[in-house]
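>>> whatever this is, show me its structure:
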Amino acid sequence: MSGQAGKGRKLLILVAKLVVTLALVGFVLSRLSVTDIRSAMSTPRWGWLAAALGVYGLSALGGAQQWAWILRAGGITATAGEIRRLYLIGLFFNNFLPANIGGDAYKIIDLGRQEQRSLGVFCATLMDRLIGLGALTALAVLVLVGASVADIALPTAALLLIPVLALLFGILALLLSRRLGTRLPGWLRRLKLPKVADQAARVTAEFSRFREQVPFLNGIFAFSVLVQLLRMATHLLVALGLGFSLTSGQMVQLLVLVPMLGISLTLPITINGIGLRESISAELLTAAGLLAPQAVVMEMAAYWVQVLFSLVGGVLLLTGRRGRGRAAGGN
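Down below sits the predicted model:
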């Protein structure tokens, strides 16, 4: 019965996401006509769009390398090629499965089985996610400070990036805290939660692998800032590819506003961010002087650049399955 209840809960969540997705898409279309959206797409510059695809691909390979380094720090011994393959397949699942964490789930399950350390892979992947999100937020905060000095206008809501950054750093500090790792299981046992305490002990033991490698993690964080900068550059290149004329001030504004959009898309309330992306873009990116149709089309196009590159993961998934099938047949 518990299995059926779990499936029913997942179906209910999926239906709820679908309803929210359709509602937000309807909201966007009620404010923007199809003619406005087509007009914003009427002068494509294919060279810039190709450059956007290339830069995003480079950022994806950088993200795969970041995950590989963190896995190594956590004691995972899979080859770099296998880690890169799973990362790219994860991107494919993120874009083609109706769930925001489908790709991460695939990576954790597959690599966890190979290494027989599912919890270790999960903890390393969580660390990777937190570092990436922290790097994105830190990049936006740095640009926000620079924009303030240069007197480039940004909405007051951009200041929310500062407490978000503090929260992310606080979570990382807690996960790496020796004191919390030592005391948490004991606290849970005193609360008569032995199973939860045992699980907490296993989790804190996994994160303890990173405690003596803080300088190494700092280096990974710096690398992650570069990866996130490439991903932000993808959005700017897409804007140029759509024929938008951006001033230097607008580019600075977008380097703050697009990360704010990205952070909001971590909320798992729609299917793959569809609807949420467009509705927030229409409100937020207009602060950079874009018209609402331009903002929506820019983010739609940036999303499709990601989808197009993620097809590489689909090819790797297909060829990997065929290769495993031939190997099994040979045995």
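>>> elements contacting the host helix or strand of G219?
Using DSSP states H and E, G219 sits in helix 214-241. Under the contact criterion of 3 or more C-beta pairs under 8 Å, 6 or more residues apart in numbering; DSSP states H and E, helix 214-241 touches helix 46-73, helix 118-149, helix 248-264, helix 292-330. The way it works is simple: take the backbone N, C-alpha and C, and place the C-beta from them, glycine included.
>>> between that helix and helix 292-330, how many degrees?
For helix 214-241 against helix 292-330, the angle between stretch directions is 120 degrees (axes from the mean of the first three to the mean of the last three C-alpha atoms, to 10 degrees).
>>> quick revisit: redo the helices and strands packed on helix 214-241 as a markdown table? Include mean pLDDT, distance to L159 and mean neighbour count.
What follows is those, written out as a markdown table (pLDDT from 0 to 100; distance: least, C-beta to C-beta, whole Å; neighbours: other C-beta atoms under 10 Å):
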| stretch | mean pLDDT | distance to L159 | mean neighbour count |
| --- | --- | --- | --- |
| helix 46-73 | 97 | 27 | 19 |
| helix 118-149 | 96 | 8 | 20 |
| helix 248-264 | 95 | 10 | 21 |
| helix 292-330 | 81 | 21 | 17 |
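>>> now those helices in JSON lines, with distance to R277?
Below are the helices and strands packed on helix 214-241 laid out as JSON lines (distance: least, C-beta to C-beta, whole Å):
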{"stretch": "helix 46-73", "distance to R277": "16"}
{"stretch": "helix 118-149", "distance to R277": "16"}
{"stretch": "helix 248-264", "distance to R277": "7"}
{"stretch": "helix 292-330", "distance to R277": "5"}
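>>> looking at the ones you listed, which is nearest to L230?
Each of these has some distance to L230 by C-beta to C-beta; the shortest is helix 46-73, at 3.7 Å.
>>> what angle separates the closest one from helix 292-330?
50 degrees.
>>> which other helices and strands does helix 46-73 contact?
helix 80-96, helix 118-149, helix 214-241, helix 292-330.
>>> for L261, find the nearest of those helices.
helix 292-330 (7.0 Å).
>>> ok, now which ones touch the closest residue to R84 other than its chain neighbours?
Nearest non-adjacent residue to R84, counting by C-beta to C-beta, 6 or more residues apart in numbering: A64, 4.5 Å away. A64 makes contact with I83, R84, Y87, L88, according to C-beta atoms under 8 Å, 6 or more residues apart in numbering.
>>> returning to that earlier point: closest to G8 out of the helices and strands packed on helix 46-73?
Proximity to G8 (C-beta to C-beta) singles out helix 80-96 among these, at 22.8 Å.
>>> mean confidence score for that closest one?
Averaging pLDDT along helix 80-96 gives 92.
>>> tell me the mean pLDDT for the helix or strand that it is followed by?
Toward the C-terminus, helix 80-96 is succeeded by helix 102-115 as the next helix or strand (DSSP H and E). For helix 102-115, mean pLDDT rounds to 90.
>>> in helix 102-115, what's buried?
Of all the residues in helix 102-115, those buried under the rule 16 or more other C-beta atoms under 10 Å are G102, G103, D104, A105, Y106, K107, I108, D110, L111, G112, E115.
>>> let me have the residues you listed in JSON lines, extended by distance to L311.
Shown next, in JSON lines, are the buried residues of helix 102-115 (distance: C-beta to C-beta, whole Å):
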{"residue": "G102", "distance to L311": "16"}
{"residue": "G103", "distance to L311": "14"}
{"residue": "D104", "distance to L311": "19"}
{"residue": "A105", "distance to L311": "20"}
{"residue": "Y106", "distance to L311": "16"}
{"residue": "K107", "distance to L311": "17"}
{"residue": "I108", "distance to L311": "22"}
{"residue": "D110", "distance to L311": "19"}
{"residue": "L111", "distance to L311": "21"}
{"residue": "G112", "distance to L311": "25"}
{"residue": "E115", "distance to L311": "27"}
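>>> having no further points to raise, I will conclude here.
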